[in-house]
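Asker: only geometry, no sequence info:
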């Protein structure tokens, strides 16, 4: 596998235009015995803390849906005051993610889970949604094997 990185000025000179920047990312790990697929709830909280953004600043949410029950558990965990206080160290619940901003063009359950390429799929989907929906920030989250998860903030490339 080979990847070549090109400076922004060179890419623009060649006629390529980025869709979004990777503004920030984080990785989290939880005990796989009790919290195997809840990592996206932790990553969501952590990436917003790291960037100083709030959920209200996010225009697009793209989460990997490993299973229907998994994504429902993540969404419920974020709304649970007990979970957020006892496991995430918050003083209150994170709150509900606005469903009108969540996986609007389909998620892993409806589109498929291209093993090894899920991150690229959700990043591309989020970048395209930012353009189509005229948004600025996207929050991406995905669980991974062994209780791991990733969180990312994409920022739309200026027009």
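Answerer: Structure's in. What do you need? Keep in mind that this is a model prediction, so the values were computed, not measured.

Asker: can you list the weak-confidence ranges in this structure?
Answerer: In the predicted model of the chain, residues 1-5 satisfy pLDDT under 70.

Asker: give me that answer again for 90
Answerer: Scanning the chain with the threshold set as pLDDT under 90 gives 1-12, 16-17, 30-36, 66-67, 109, 111-118, 144-147, 159.

Asker: which residues in it form helices?
Answerer: For the chain, the helices defined by DSSP state H occupy 8-13, 32-35, 39-51, 68-79, 81-86, 108-111, 118-132.

Asker: Distance to residue 22 for these - can I get that in TSV?
Answerer: Where C-beta positions appear, they are placed from N, C-alpha and C, glycine not excepted. Conversion of the helices of the chain to TSV gives the following (distance: least, CB to CB, whole Å):
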stretch	distance to residue 22
helix 8-13	13
helix 32-35	26
helix 39-51	11
helix 68-79	22
helix 81-86	26
helix 108-111	20
helix 118-132	8
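
Asker: How about residue 128, nearest residue that isn't a chain neighbour?
Answerer: Once its chain neighbours are removed from consideration, residue 128 has its nearest residue in residue 19; the separation is 6.8 Å (CB to CB, 6 or more residues apart in numbering).

Asker: An error on my part: the question was meant for residue 93.
Answerer: The spatially closest residue to residue 93, leaving aside those adjacent along the chain, is residue 81, at 4.3 Å (CB to CB, 6+ apart).

Asker: Roughly how far does residue 155 sit from residue 38?
Answerer: From residue 155 across to residue 38, the span is 26 Å (CB to CB, to the nearest Å).

Asker: So what's the residue count around residue 157?
Answerer: Taking other CB atoms under 10 Å as the neighbour definition, residue 157 ends up with a count of 14.

Asker: for the residue most central in space within the chain, what are its contacts?
Answerer: Most central residue of the chain, judged by C-alpha distance to the mean C-alpha position with CA atoms, centre = their mean, is residue 140 at 1.1 Å. Residue 140 makes contact with 62-63, 119, 122-123, 126, 150-154, according to CB atoms under 8 Å, 6 or more residues apart in numbering.

Asker: between residue 155 and residue 38, who's got more neighbours?
Answerer: When residue 155 and residue 38 are compared on other CB under 10 Å, the one with more neighbours turns out to be residue 38, at 24 against 18.

Asker: Return the distance of the more buried one relative to residue 131.
Answerer: Taking CB to CB as the measure, residue 38 falls 31 Å from residue 131.
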